[in-house]
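Enquirer: okay, structure incoming, though there's no sequence with it:
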């Protein structure tokens with residue numbers, strides 16, 4: 001039982017980590033929380049649904065790749081339409097966050113108006129969903145989601161550490177203005193940044209759609225991912241990964257726990273938000289966050 005719970009927690013946590021990394025990537029450079037990220041994740045799931053069920057009847061892997069590209073392009077378009085002008089006018093971060101919330105609401109309502117509020121199921125990835133590991137029954141989907149998430153995060157790490165654009169992103173996370181002065185095209189850098197964040201969100205949306213259902217308001221799940229990003233420290237990619245996995249493990253363990261014969265599964269969200277509150281009291285910058293003082 002404990003093995004099954006840990007694998008489930010790691011699987012959910014890895015999906016949270018993919019979402020949280022998207023938040024942290026944007027925050028690290030632009031210093032605002034992109035609350036439209038949840039809507040992009042939702043659209044990534046709908047792209048997979050269209051590719052696998054509604055239009056093309058594609059296999060899972062090609063549909064996943066299309067979803068990654070589609071969600072990345074949507075994130076890029078959101079940045080160009082909602083944030084680019086504000087960035088160029090040097091608007092405060094609060095204005096960008098308000099714009100992000102407006103985009104999230106607009107995209108969700110577009111889905112309601114065009115596709116409807118119905119719940120859609122994505123086809124199962126495997127013919128049989130489970131396998132035995134000792135006495136534990138483990139979901140193949142959980143193992144696959146965990147493995148694919150690890151590969152996606154590893155690919156992102158390679159891009160950030162061993163490519164020119166990755167070096168520019170890491171430099172911009174410390175001082176975007178200086179990077180721009182040194183000749184880096186900041187618009188191109190931000191475009192790549194949003195495409196990467198959207199692509200990772202597309203992966204997360206597809207796996208959430210397969211594991212649960214696809215519906216217009218599924219973006220609310222990213223609230224959990226945002227908690228993971230804050231726990232790890234907004235702007236820190238290792239922190240986003242650790243925070244997401246910690247949150248997934250916590251939820252899985254709480255879901256199978258009881259106190260005095262009372263199941264704690266109904267209080268799962270209470271534990272998630274509770275740990276966030278406690279952490280912010282004692283470590284406001286998160287586990288890996290940097291404390292930066294304003295200098296005049």
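Expert: Here it is on my side, so go on. Predicted model only: the values in this text are computed from it and were never measured. Residues are numbered from 1 along each chain as shown.

Enquirer: now do the SS call for residue 131.
Expert: Applying DSSP: H, G, I helix; E, B strand; the rest coil to residue 131 yields a three-state assignment of strand.

Enquirer: swap that for residue 138, sorry
Expert: Residue 138, by the three-state scheme (three-state DSSP), is strand.

Enquirer: next, the contact list for the closest residue to residue 121 other than its chain neighbours, please.
Expert: What sits nearest to residue 121 in space, not counting adjacent residues and going by Cβ to Cβ, 6 or more residues apart in numbering, is residue 213, at 5.8 Å. C-beta: built from backbone N, CA, C; applies to glycine. Contacts for residue 213 (Cβ atoms under 8 Å, 6 or more residues apart in numbering) come out as 119-121.

Enquirer: just residue 60 next, same as before
Expert: When the contact criterion is Cβ under 8 Å, 6+ apart, the partners of residue 60 are 52, 123, 125, 210.

Enquirer: how about a cut-off of 7 Å?
Expert: Each residue near residue 60 by Cβ atoms under 7 Å, 6 or more residues apart in numbering is listed here: 52, 125.

Enquirer: elements contacting the helix or strand hosting residue 171?
Expert: Residue 171 belongs to helix 164-181 when elements are defined using DSSP states H and E. For helix 164-181, the contact count by 3 or more Cβ pairs under 7 Å, 6 or more residues apart in numbering; DSSP states H and E identifies helix 2-30, helix 140-162, helix 186-211 as packing neighbours.

Enquirer: pLDDT of the next helix or strand after the longest one, averaged?
Expert: Yep, that's helix 2-30 we're talking about. Moving toward the C-terminus from helix 2-30, the next helix or strand (DSSP H and E) is helix 37-49. In this model, helix 37-49 has an average pLDDT of 94.

Enquirer: ok and the next helix or strand along the chain from helix 37-49 relative to helix 140-162, angle-wise?
Expert: The element immediately downstream of helix 37-49 (helix or strand, assigned by DSSP H and E) is helix 60-78. Between the axes of helix 60-78 and helix 140-162, defined by axes from the mean of the first three to the mean of the last three Cα atoms, to 10 degrees, the angle is 50 degrees.

Enquirer: packing partners of the very next helix or strand once past helix 60-78?
Expert: Downstream of helix 60-78, the next assigned helix or strand under DSSP H and E is helix 84-88. For helix 84-88, the packing partners by 3+ Cβ pairs under 7 Å, 6+ apart come out as helix 93-114.
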